[in-house]
Every structure is written in C-alpha cells, then in structure tokens.
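Q: for reference, the sequence and a predicted model appear below.
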Amino acid sequence: MDVYRVTFDNNRAVSATKTDVAKHGDIALYPNDMVNWYAVECESEQMAIIVAQSVVNEMWRQLHFNAPLPDGLC
C-alpha cells in the first residue's frame with residue numbers, strides 16, 4: 001500500500017497524491033484548526049480520500065463536541 005497526502009479545502013477532502021515524505025497519520029492544520037492535509041496509507045487515491053475525510057470528520061467532532069473517537073480510528 002502507498003501513503004497518500006490528502007489535501008483539504010474547508011475541511012473537505014479534495015485530492016490525494018502519493019508521497020514519500022509524510023507517513024500515515026501525519027496532519028497539517030491551519031491556525032484556525034482547519035485541515036490543510038492528512039496522510040493516510042491506502043490502496044488507491046479514491047480510498048485515501050474517503051478514509052482521510054472520515055478520520056478528519058471524527059477528529060473535528062471530537063474537538064468541538066468532546067466526543068470520544070470510535071474504536072479503530074487513528
């Protein structure tokens with residue numbers, strides 16, 4: 001599997017690019033806590049976008065609603 005850097009716009013995943021620099025779980029945030037990009041190890045660009053969006057949605061929910069992350073999420 002490859003690592004993809006998934007780029008976000010207004011906390012929505014918009015594209016995925018293979019990377020050798022980032023590792024699974026790396027994240028870059030803007031100063032307002034919006035996600036710039038998130039790295040995920042997946043089988044394809046499409047799957048990377050889906051997984052990264054799901055993880056970011058849960059992180060955002062936890063950050064703003066103090067809800068615990070479900071088991072199995074990074």
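A: Sure thing, it's come through.

Q: C-alpha from now on. contacts and neighbour counts both.
A: Fine.

Q: for the chain, just list every one of the strands.
A: 2-9, 12-18, 27-29, 35-42 (DSSP state E).

Q: burial measure for residue 50, as a count.
A: 13 (other CA atoms under 10 Å).

Q: skipping adjacent residues, who's closest to it in space?
A: residue 13 (7.9 Å; CA to CA, 6 or more residues apart in numbering).

Q: so the one you found bridges to which residues?
A: Bridge pairing for residue 13 (DSSP bridges) gives the partners residue 8.

Q: quick check: pLDDT value at it.
A: At residue 13, the model reports a pLDDT of 96.

Q: least confident of the strands of the chain, on average?
A: Among these, strand 27-29 scores lowest, at a mean of 90.

Q: mind listing what's buried along that strand?
A: residue 27 (16 or more other CA atoms under 10 Å).

Q: now do stretch 18-32
A: 18, 22-23, 27.

Q: would you agree residue 13 is in contact with residue 49?
A: Yes - between residue 13 and residue 49 there is a contact under CA atoms under 8 Å: 5.9 Å.

Q: which of these two has more residues huddled nearby?
A: Shown here are residue 13 and residue 49; by other CA under 10 Å, residue 49 has more neighbours (25 against 22).

Q: tell me the pLDDT at the more buried one?
A: On pLDDT, residue 49 comes in at 97.

Q: just put the buried residues of stretch 18-32 in CSV and tack on distance to residue 37.
A: Output for the buried residues of stretch 18-32, formatted as CSV (distance: CA to CA, whole Å):
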residue, distance to residue 37
18, 12
22, 10
23, 12
27, 6
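
Q: between those, which sits nearest residue 8?
A: The closest of the buried residues of stretch 18-32 to residue 8 turns out to be residue 27 (CA to CA; 10.8 Å).

Q: now that closest one: closest residue in space that isn't a chain neighbour?
A: residue 38 (4.4 Å).
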